[in-house]
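Peer 1: Sequence and predicted structure below; questions after.
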2 protein chains.
Amino acid sequence: MHELFTVLPPGEAFASFGRGCSPIERSEIVPLEAALGRVLFDDVRAAETLPAFARSTMDGYAVRAADTHGASESSPAYLRLVDDVPTGVVPQRRVGVREAVRTHTGAMLPPGADAVVMVEDTNLHGSATSSGQAEVEVLDSAPPGDNVLAIGEDVVAGAVAVPAGRRLRAADLGGLAALGVTRVTVRARPRIAILSTGDEVVPAGATPGPAQVRDVNATTVAAVVVQAGGVPVACGIARDDAAEIEYALRGAVEDADAVVLSAGSSVSVRDLTAEVVARLGSPGVLVHGIAIKPGKPTVLAICDGTPIVGLPGNPASALVVAWRIVRPLVRLLGGERVDDDGLGDERELSAILDVPLPSRPGREEFVPCTLARDAGGGLHATPVFGASNLIFTLVRADALIAVPLDRSGVAAGERVRVIVP
Amino acid sequence: MHELFTVLPPGEAFASFGRGCSPIERSEIVPLEAALGRVLFDDVRAAETLPAFARSTMDGYAVRAADTHGASESSPAYLRLVDDVPTGVVPQRRVGVREAVRTHTGAMLPPGADAVVMVEDTNLHGSATSSGQAEVEVLDSAPPGDNVLAIGEDVVAGAVAVPAGRRLRAADLGGLAALGVTRVTVRARPRIAILSTGDEVVPAGATPGPAQVRDVNATTVAAVVVQAGGVPVACGIARDDAAEIEYALRGAVEDADAVVLSAGSSVSVRDLTAEVVARLGSPGVLVHGIAIKPGKPTVLAICDGTPIVGLPGNPASALVVAWRIVRPLVRLLGGERVDDDGLGDERELSAILDVPLPSRPGREEFVPCTLARDAGGGLHATPVFGASNLIFTLVRADALIAVPLDRSGVAAGERVRVIVP
């Protein structure tokens, strides 16, 4: 297997990998106030029609539209004021011919009325407090339905209010609240086991000896998993030893819906990892190497139904592949709709490239950049040059420019896609 | 005050409001794995230099660069293989003149070596297992520093590793892990009291009587607060009564860093709210009405140091103003850098408008839209026409198109800013 692997474009690699993955089947019921960002398990249908009653959308007068027909400033209509209906109160008085009822934004429309004349288009003559004494001068005609929210205009009983697979946003929660849905069934968060390997790697909390480094990938991958809606399951660090890695991986597969391991970066260690993964179950390794910079030595496998991602050991490479591959994987397992190529979620922006960016065709390249807005609000990306394989290059960057597979560089002034980590 | 208020553009309104607000002063210490999305309270400086030792970035041979000078396929250099240094191991043997040491990606560079020749640029003659017997044929010259990560190339002790005010991302946490920082001091999340008002409003969990509706704003505003990094403090629903609103507001001010109330939508109720807010402290109401659609009847106040936002009662309007005003307010209170006009955070995308969109100059307009990608990955926005004052119009939308204040419509094919809720 030594360096003989076929390198696939990331989109193709994700597509063939993703085809073998399906959303986890577990669900849980959460209160509405804990449902933000969770993925709806089933369609929620409206149990009632909203609004349930015709409502005024303005302060003014509820009228029969026919009574205002042809009304204008030069030829007003005159209506008798017969009632005042505050919001939250059920109107008692029907609006008869050439009658008007004082109404308020959000109030129930009285029976008989089919339009509301805005208060700005009226003059009131006489006392409004003793109904029956006052007259409303209407200076404009109101067509039927004017300034009225009709029954069912928002949602109709039986319709899908919020669809399955939706990652719930503020508006969705608002729609559910409007319908009285205060508990929702959401898909359980996928559990993602995170395993680091490497003879030189010690936990972040430890003091490295000479020639040792701290584990960065466990932390960054966990953060990407959380952002994508998953639960990271920390599995520690395994030595570069086939038996130790296999033992750790078997435990991880047992305990989680998917496994992300960051392998050491040397060829021998990478091969070791791929060999161990291949033993775990079928079909085994699907992709060994993707056309991406940084991050080429990535392994994608499915072992007896459990997706396994082998990331490069270098922290910057591991983080780029986590964004490109692990994030859409977790979203897919979590029940969200994900594009076949794994791209296309809402954290991808479009920006204008400020300086020319060389690139080599045949691989997707992710280049750290800073972002700034011009006076017109346009977003500009400036590459952060320097060693792209260093974690602090990413700390100093606002985002990553994604240079497509087929491009040999991007000219200044062109639009580029950027991924905001 | 009745309808006499001055309507300010949203950017100016936020600027004058934001000038009176400052980040809350409380901090807390959290473990690294709970720090994603939290805002760093102080600069974190590197306590050590990374890498702490020169490392190989490739599998190959550590050499003295001078010994490879002029080497090529036609005229190779021959070096004696004297050692093999795995990752995590401290080299014992110095690299002498015309000597090479087998090295691996991530391994410590042995003393005496100043470059690494990639294994692909070499041939090995003799047995590599018994050192001293084997010879490395070098087919390319390696300049000093080639394939070596120098001490301090990632970060230098004493430098700011992650700056104060940074909302911590995966890469930031990775940088902190690399430095052994496993607990970080973050700004406490601002507590935002949320109060609904309205005689017709009942809690989401209740069954509305005739002429009543459920409270939607408490839910949507809480979600926006959470997304912006704040903690929503639920304060229930007050009747449209000055004494009741004042009592509830005084309690909210006591308990929270800012207050968001959604007022009834009728003019009399709006005025009632503004009058009560004005009594709470100085300077009181700063803005009464912003040039935004939907959402014009918005009140911004600072009362004895506590920011207060009065949202319109209509759920769709309230949510738009929550995005435009409450979100940057919470981020500002939470210690993030916010643009003066409140715009410009990472949830704003750029998209191509697919159909012409009429608009009236003089107000910012937020139009619900769907988003789709074309084959080239370009993002397209299509307005969802229909009643924009309905919550389910927002549920059906992917985002909101922000039409700037000064535009009388946008042509098809033009770029627009969109806010992803």
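Peer 2: Noted; the coordinates are in hand. Numbers count the residues shown, from 1 in each chain, chains lettered A, B, ... in the order given.

Peer 1: Walking through chain A, point out its helices one by one.
Peer 2: A:10-18, A:170-178, A:217-227, A:242-255, A:267-279, A:315-321, A:327-333, A:391-396 (DSSP state H).

Peer 1: Output the contacting helices and strands for the fifth one.
Peer 2: Applying 3 or more C-beta pairs under 8 Å, 6 or more residues apart in numbering or on different chains; DSSP states H and E, we find helix A:267-279 packed against helix A:242-255, strand A:283-288, strand A:299-303, strand A:306-311. Backbone N, C-alpha and C define where each C-beta goes, glycine included.

Peer 1: relative orientation of the shortest one and strand A:283-288 in degrees?
Peer 2: When you say that, I think you mean strand A:299-303. 160 degrees (axes from the mean of the first three to the mean of the last three C-alpha atoms, to 10 degrees).

Peer 1: quick check: mean pLDDT across strand A:299-303?
Peer 2: The average pLDDT within strand A:299-303 is 96.

Peer 1: From the chain's centre, how far out is it? Work that out for me.
Peer 2: Averaging C-alpha positions (C-alpha atoms, centre = their mean, to the nearest Å) puts strand A:299-303 26 Å from its chain's average.

Peer 1: and the gap between the closest residue to A:Leu332 other than its chain neighbours and B:Ala372?
Peer 2: Leaving out its chain neighbours, the residue that sits closest to A:Leu332 by C-beta to C-beta, 6 or more residues apart in numbering or on different chains is A:Val338, at 4.5 Å. From A:Val338 across to B:Ala372, the span is 15 Å (C-beta to C-beta, to the nearest Å).

Peer 1: between these two, which one's more packed in?
Peer 2: The residue with more neighbours, out of A:Val338 and B:Ala372 and counting by other C-beta atoms under 10 Å in any protein chain shown, is A:Val338; that gives 22 against 14.

Peer 1: can you pull the contacts of the residue nearest to A:Leu272 when sequence neighbours are not counted?
Peer 2: Using C-beta to C-beta, 6+ apart and skipping the chain neighbours, the partner closest in space to A:Leu272 is A:Ala242 (5.8 Å). Taking C-beta atoms under 8 Å, 6 or more residues apart in numbering or on different chains, we find A:Ala242 in contact with A:272, A:275-276.

Peer 1: Specify which member of those is nearest to A:Glu33.
Peer 2: Among the contacts of A:Ala242, A:Val276 lies closest to A:Glu33 (C-beta to C-beta), at 43.8 Å.

Peer 1: any idea how far B:Ala52 is from that closest one?
Peer 2: Taken as C-beta to C-beta, the span from A:Val276 to B:Ala52 is 30 Å.

Peer 1: again with A:Val309
Peer 2: 29 Å.

Peer 1: who's more crowded, those two?
Peer 2: Set side by side, A:Val309 and B:Ala52 show more neighbours around A:Val309, with 24 against 17, by other C-beta under 10 Å.

Peer 1: so what pLDDT did the nearest residue to A:Glu365 once chain neighbours are set aside get?
Peer 2: Excluding the flanking residues, the one nearest A:Glu365 by C-beta to C-beta, 6+ apart is A:Val403, at 4.1 Å. pLDDT, A:Val403: 92.

Peer 1: Near A:Val403, how many other residues are there?
Peer 2: 25.

Peer 1: cool, and A:Asp140?
Peer 2: Neighbours around A:Asp140, by other C-beta under 10 Å: 16.

Peer 1: show me what contacts it?
Peer 2: A:68, A:71-73, A:117, A:121.

Peer 1: Just the buried residues out of these, in ChimeraX syntax.
Peer 2: In ChimeraX, a selection of the buried entries from these looks like this (16 or more other C-beta atoms under 10 Å in any protein chain shown):
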select /A:68,71,117,121
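
Peer 1: for the contacts of A:Asp140, which one is nearest chain B?
Peer 2: A:Asp121 (13.9 Å; C-beta to the nearest C-beta).

Peer 1: Could you tell me which ranges of chain A sit under the pLDDT cut-off?
Peer 2: For chain A, the stretches flagged by pLDDT under 70 are A:1-5, A:128-132, A:265, A:344-347, A:388.

Peer 1: if we go to 80?
Peer 2: For chain A, the stretches with pLDDT under 80 are A:1-6, A:127-133, A:264-268, A:270, A:344-348, A:375-377, A:385-389, A:421.
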